[in-house]
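Chemist: sequence unknown, structure follows:
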């Protein structure tokens with residue numbers, strides 16, 4: 001069973017410096033039918049204007065993944081971390097017992113387009129941690145590349161939850177297959193382009209909740225399509 005969440009059905013807010021779309025309930029947007037999916041709690045698609053950003057704010061007991069599609073996003077946090085997140089990189093912050101951070105677009109001309117993802121951790125009160133990995137472009141082209149998982153040593157950032165995140169970039173006619181173990185669920189999020197998933201067409205911004213499907217076939221339709229795949233308990 002595949003339940004589609006169309007891009008235009010998401011929550012939306014325009015704050016002037018920030019335009020944002022919420023796949024699930026977030027901030028002032030509330031829909032009791034979309035409070036998350038399994039341990040996946042937030043997928044926000046954000047555009048941050050040049051010279052603007054998110055001022056310092058707190059988080060607690062959440063796994064937060066930032067995936068930049070265009071532009072550059074500067075990060076600073078209360079652990080002393082300072083970094084810049086660019087396309088081709090994945091950042092994860094385990095908020096744990098509590099952390100404060102800010103995110104800013106220092107460019108004077110270019111907006112930042114990003115996905116921010118929250119996953120509920122398997123337990124509360126872990127030590128706050130920060131990770132950032134570079135993913136070579138060819139590792140996503142025509143294949144699924146692991147971005148985040150509970151295992152270590154695989155080139156992915158570490159999650160404190162039984163969840164795995166993959167990314168793939170597909171040209172028209174390219175396909176990837178993904179087998180779902182019995183009792184597992186999936187969420188697909190189209191970051192850009194257009195794809196066909198098990199016979200259903202999904203456009204940029206569309207998401208899909210997957211249950212009781214043994215496998216997924218994802219085929220590229222648009223010129224340059226990029227999809228995130230979450231494998232969830």
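Modeler: Great, that's in hand. Given the structure is predicted, the values throughout are model-derived calculations rather than measurements.

Chemist: center of the chain - which residue?
Modeler: Centroid check for the chain by Cα atoms, centre = their mean gives residue 117 as the closest residue, at 4.4 Å.

Chemist: residues touching the closest residue to residue 7 other than its chain neighbours, list them.
Modeler: If the residues on either side of it in the chain are set aside, residue 7 comes closest to residue 205, at 2.8 Å by Cβ to Cβ, 6 or more residues apart in numbering. From N, CA and C alone the C-beta is placed, and that goes for glycine too. By Cβ atoms under 8 Å, 6 or more residues apart in numbering, residue 205 lies in contact with 6, 7, 8, 10, 21, 45, 190.

Chemist: Now intersect these with the strands, please.
Modeler: Judged by DSSP state E, these include 21, 45, 190 as members of strands.

Chemist: which among these end up buried?
Modeler: Neighbour-count burial within the ones in strands among the contacts of residue 205 applies to 21, 45, 190; the criterion is 16 or more other Cβ atoms under 10 Å.

Chemist: now the residues you listed in CSV, with distance to residue 170 and pLDDT?
Modeler: Shown next, in CSV, are those (distance: Cβ to Cβ, whole Å; pLDDT from 0 to 100):
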residue, distance to residue 170, pLDDT
21, 22, 98
45, 19, 98
190, 10, 98
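
Chemist: can you give me how far the helix or strand hosting residue 208 is from the chain middle?
Modeler: In this assignment (DSSP states H and E), residue 208 forms part of strand 207-210. Relative to its chain's centre, strand 207-210 lies at 13 Å (Cα atoms, centre = their mean, to the nearest Å).

Chemist: surely residue 21 meets residue 45?
Modeler: Yes: at 4.5 Å, residue 21 counts as touching residue 45 under the criterion of Cβ atoms under 8 Å.

Chemist: Show me whatever sits in contact with both of these two.
Modeler: In contact with both residue 21 and residue 45: 10, 205, using Cβ under 8 Å, 6+ apart.

Chemist: so which of the contacts of residue 205 comes closest to residue 157?
Modeler: residue 45 (19.8 Å; Cβ to Cβ).

Chemist: The strand holding residue 208: partners in the sheet, and parallel or antiparallel?
Modeler: strand 2-5 (antiparallel), strand 185-192 (antiparallel) (DSSP bridges).

Chemist: Could you identify the helix or strand that succeeds it?
Modeler: strand 215-220.

Chemist: Adjacent strands (with direction) for that following strand?
Modeler: Note on strand 215-220: by DSSP bridges, its sheet partners are strand 175-179 (antiparallel), strand 194-197 (antiparallel).
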